[in-house]
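Novice: No sequence on hand, only this structure:
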């Protein structure tokens, strides 16, 4: 079985085949590479993030699994949370915003994000850096396929990473 791994070469993601690895090894390599990428991005973007003083936390209705949650090395008071989300067909999330840096990598399907600045569709294999402090609604417009995402969030330790917006 041939597996696909993503790596950084210059500023672009490049696909390469790893036919010698079994699927479990390939999946772990992929996750390790993304953790490295997001840690670096998080250190840069997390510093500039802001946190709401008193706001109601938004909890996504999509199926979610936390893969990693820890203090961000080298950045006092910040943490990184990495989650795997699965949005079923025709899923529409609630209106919310992020007070810190968020990077969404689409594993499968197409994610549509609506903000006051317009609508963006992100396809499998693409990375979407969300705008800090901008209200948004995420959706899976497909009537038949799930959307699978890796979401990397950076913010203040102990503070909500997603805030409800009315």
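Specialist: Now that the structure is in, tell me what you want to look at. Model, not experiment: these values are computed from the prediction.

Novice: quick one: low-confidence ranges for the chain?
Specialist: The chain contains residues with pLDDT under 70 at 1-55, 57-60.

Novice: In contact with the nearest residue to residue 66 once chain neighbours are set aside, which residues are there?
Specialist: Closest residue to residue 66 apart from its sequence neighbours, by CB to CB, 6 or more residues apart in numbering: residue 83 at 5.3 Å. In this view, the C-beta of every residue, glycine as well, is placed from N, C-alpha and C. Residue 83 makes contact with 64-67, 150-151, 153, according to CB atoms under 8 Å, 6 or more residues apart in numbering.

Novice: Now do residue 83 against residue 131, distance only.
Specialist: Relative to residue 131, residue 83 is positioned 19 Å away (criterion: CB to CB, to the nearest Å).

Novice: what's the answer for residue 110, then?
Specialist: Distance from residue 110 to residue 131, counting by CB to CB: 19 Å.

Novice: Can you identify each of the helices in this protein by residue range?
Specialist: For the chain, helices defined by DSSP state H occupy the ranges 23-48.

Novice: I figured residue 62 hits residue 92, correct?
Specialist: No - here residue 62 lies out of contact with residue 92, judged by CB atoms under 8 Å, at a distance of 10.1 Å.

Novice: what's the burial count for residue 137?
Specialist: Each residue near residue 137 was counted by other CB atoms under 10 Å, and the total is 15.

Novice: Can you tell me the closest non-neighbouring residue to it?
Specialist: On the basis of CB to CB, 6+ apart, the spatially nearest residue to residue 137 that is not a chain neighbour turns out to be residue 114, at 4.8 Å.
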